[in-house]
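Chemist: With the sequence up front, the predicted model follows.
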Amino acid sequence: MRRWVWLSAVAAFAIAYPLLLSSPFQQRLGALVLLYAIAASAWNIVGGYAGQVSVGHVVFFGCGAYAAMGSYAKFGLSPLFGIPGGIVLAVGLAAIVGVPTLRLSGHYFSMATIAVAETMRLIVTNTEWLGAAVGLSGPAVPRNMFDLSFLSSLPYYYLFLAVLVITLLITWWMTNSRMGFYLRAIKDSERAARSLGAPASRTKLYAYMLSAALTSVAGALYAMMFGFVDPESGLGILISVKILIMAALGGAGLLFGPLVGAAILVPLEEISNSWLGGKGAGLTFVVYGAIIVLIARFQPGGLLSLLTGRSKRKIDKGASHAP
Amino acid sequence: MSFVLVQVIVGGLLLGAVYALFSSGLTLVWGMMNIVNFAHGDFVMLGMYVAYVVYTLMGGGPILGAPLATLVLATVGVLVYFALIRDIMKGPMLAQILGTFGLALLLRYSVFWWFGANFLSMPPNIVGGTYAVAGLRIEASRLLAGVVALLVTLGLHLLLTRTSLGSKMLAVAEDQTAAQLMGIRPDTMQAIAWAIAAGATGLAGALIANFFYIVPTVGETLGIVAFVTVSLGGFGSVPGALVAGLLIGVIESLSGYLIGAVYKDIVVYVLFLSFLWFRPQGLMGKM
């Protein structure tokens, strides 16, 4: 019962936020929190629930971002058409990359995902057709609604809110399905899960593909909001890192963990950037680094696990299985 | 074989020796504690900046810069071990990856914040000149780096295999409890391993600072080079790292020369991925 009270309160706040705090900066901040929450929630499916720590999720983000901007820049189509294209691209790439890499355990999987992401970044940076280092741009001024390019952040806010709700519903549905149970078993001990007949490889691959699809949607929305994409903003490893940190800070493997993480880190970054200017970019990541080290050291389950308390046991249990 | 090709291969071998040096630090820690240091490349970056600062502040060349960078980084290694690694080693894997990754960001962007994103370079007169060896023209800074790195890597191997300290460290790697029963303190041995591993990165960083671009993000690429080297050479093995490091140096130089400079990193990454693809179990030792 208490859960529903909390949930309604958060939902009411989320709907009212841009009307209560209506300055352009605050609305943009709200939209960015939701956008990163989408990406971090998508990562959570494979990184949090399945325990496969991908550090290369930016490749799927990039699929969406490049598909959205590419459909406009190359074919004159609304970036909206790029979303399904990005999903197909991301799921296909996840299948190709996932089969060999998901066999790797632990650190090896993480390292392989970094190598995949960096390879993609280098290839795109040297591909003239994709704008090379300059990148691709969307329509300069909003032409019509279907371009999803607006002058104000308000439409983006509600669009992102809707996509986030869908993402969380999919995640929630997944955790309560057979797939969710398999994933948790695999996370606790893959060998035990296999010996009990859980199709570990297939389940991990499905989770990876689902996560990739949702991440590409986040990438497409990001590109539309900013109106352009280049190798740094669409395929830079720091995007992966931000997504991962938000999920881990809030609580990896918890439904609302990524949202909590995004709600803390995005304002931190935006405010420090607006205060410190260009030099702030470096300092922001120093703070990011410090936070992530402290979380890893003192609260490996994330902040939300402090509130719920129940995952503390899970973490302790998980520790004994750690390689 | 064309003459230029020989020149390229020799250059690759000299750079590969430095790769071997800092990779042997990663492989040592990895083999002993089963923890992957995602900040390893950034340790090398830190070594480059220490050498740079030593030059700009004191004007000392590599004679002063290299030992100081080694010492500073060894200290950093010990501090990192006691402040972070000792605790996250017992934690879940996500915490291990996060911990060292966060450390990488912390180091990389502290340097970025302090020095800016500009490419720095050592003045050419630090280790200047070019030698002609058997008709090949080799820059003195590269020759110095390659030779010193090769000697120190061999020295590390001897330290691990021929001294009592080495035996103690290997005993801890083998079986902590048994080592403890023999009166060896695992904590001390692991701290020493971190000092050696990070010290090696400091020395390697100071050596390549003379001819490599010095930039805060250089550790990202170097970190991946170290992962490839360790995966290729077999984890925990210093001789493996040496052979793999030399090989990667040559492959990188050849692909840079034959295909183009921008593609040499891609070649390294693809090499790494195909290695993980074909030998995932063999590389880890256990599954």
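Modeler: Cool, got the structure.
Chemist: which is the next helix or strand following the helix or strand hosting A:Ile271?
Modeler: Following DSSP states H and E, one finds A:Ile271 within helix A:257-276. Per DSSP H and E, helix A:257-276 leads on to helix A:280-298 as the next helix or strand towards the C-terminus.
Chemist: before we move on, back to that, any residue of the helix holding A:Ile271 up close to chain B?
Modeler: No. Shown here: helix A:257-276 not in contact with chain B (Cβ under 8 Å from any Cβ of the partner chain), separated by at least 9.5 Å. The way it works is simple: take the backbone N, C-alpha and C, and place the C-beta from them, glycine included.
Chemist: counting contacts, what elements does that helix pack onto?
Modeler: When contacts are defined as 3 or more Cβ pairs under 8 Å, 6 or more residues apart in numbering or on different chains; DSSP states H and E, helix A:257-276 packs onto helix A:24-44, helix A:237-250, helix A:280-298.
Chemist: Dump these to CSV, plus mean neighbour count.
Modeler: Output for these, formatted as CSV (neighbours: other Cβ atoms under 10 Å in any protein chain shown):
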stretch, mean neighbour count
helix A:24-44, 25
helix A:237-250, 26
helix A:280-298, 20
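Chemist: what's the closest of those helices to chain B?
Modeler: helix A:280-298 (3.1 Å; Cβ to the nearest Cβ).
Chemist: Surely A:Val55 is within a strand?
Modeler: No. Using DSSP: H, G, I helix; E, B strand; the rest coil, the secondary structure at A:Val55 is coil, not a strand.
Chemist: Surely it is in contact with A:Val116?
Modeler: No. Here A:Val55 lies out of contact with A:Val116, judged by Cβ atoms under 8 Å, at a distance of 9.7 Å.
Chemist: now the helices for chain B?
Modeler: Counting by DSSP state H, chain B has helices at residues B:3-33, B:40-58, B:62-80, B:86-88, B:93-115, B:140-162, B:164-174, B:176-181, B:186-208, B:218-233, B:238-258, B:264-278, B:280-284.
Chemist: pLDDT on the first one, on average?
Modeler: It refers to helix B:3-33. Averaging pLDDT along helix B:3-33 yields 92.
Chemist: Which pLDDT does the model give B:Pro124?
Modeler: pLDDT at B:Pro124 comes out at 67.
Chemist: OK, contacts around residue 119?
Modeler: Just going to use chain A. Applying Cβ atoms under 8 Å, 6 or more residues apart in numbering or on different chains to A:Thr119 gives the contacts B:Ile266, B:Tyr269, B:Val270, B:Leu273.
Chemist: that answer is for a different chain, and I need it for chain B
Modeler: Residues near B:Phe119 by Cβ under 8 Å, 6+ apart: B:Tyr213, B:Ile214, B:Val215.
Chemist: before we move on, what about B:Val36?
Modeler: A:His107, A:Ser110, A:Met111, B:Leu26, B:Trp30, B:Gln96, B:Ile97, B:Thr100, B:Phe227.
Chemist: re the thing from before, now the helices and strands packed on helix A:257-276 as a markdown table including distance to B:Val133?
Modeler: Compiled in a markdown table, those are given as follows (distance: least, Cβ to Cβ, whole Å):
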| stretch | distance to B:Val133 |
| --- | --- |
| helix A:24-44 | 52 |
| helix A:237-250 | 39 |
| helix A:280-298 | 42 |
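Chemist: could the ones you listed go into a markdown table alongside distance to chain B and mean pLDDT?
Modeler: Shown next, in a markdown table, are these (distance: least, Cβ to the nearest Cβ, whole Å; pLDDT from 0 to 100):
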| stretch | distance to chain B | mean pLDDT |
| --- | --- | --- |
| helix A:24-44 | 11 | 94 |
| helix A:237-250 | 6 | 89 |
| helix A:280-298 | 3 | 83 |
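Chemist: closest to A:Pro199 out of those?
Modeler: helix A:24-44 (21.4 Å; Cβ to Cβ).
Chemist: Which strands and helices lie in contact with the closest one?
Modeler: Short answer (3+ Cβ pairs under 8 Å, 6+ apart): helix A:24-44 packs on helix A:2-20, helix A:154-175, helix A:200-226, helix A:237-250, helix A:257-276.
Chemist: can you state the direction angle for that helix and helix A:200-226?
Modeler: 170 degrees (axes from the mean of the first three to the mean of the last three Cα atoms, to 10 degrees).
Chemist: Is the next helix or strand after helix A:24-44 in proximity to chain B?
Modeler: The helix or strand immediately downstream of helix A:24-44 is helix A:58-75, counting by DSSP H and E. No. Taking Cβ under 8 Å from any Cβ as the criterion, helix A:58-75 and chain B are apart, separated by no less than 12.4 Å.
Chemist: Report all helices and strands that the helix or strand following helix A:58-75 contacts.
Modeler: Sequence-wise, the next helix or strand beyond helix A:58-75 is helix A:79-101, with elements assigned using DSSP H and E. The helices and strands touching helix A:79-101, judged by 3+ Cβ pairs under 8 Å, 6+ apart, are helix A:58-75, helix A:107-125, helix A:200-226, helix B:264-278.
Chemist: Comparing these, which yields the minimum mean pLDDT?
Modeler: Among these, helix B:264-278 scores lowest, at a mean of 83.
Chemist: near chain A, which residues of the stretch 101-250 of chain B show up?
Modeler: Residues of the stretch 101-250 of chain B lying near chain A by Cβ under 8 Å from any Cβ: B:101-110, B:112-113, B:117, B:220, B:224, B:227.
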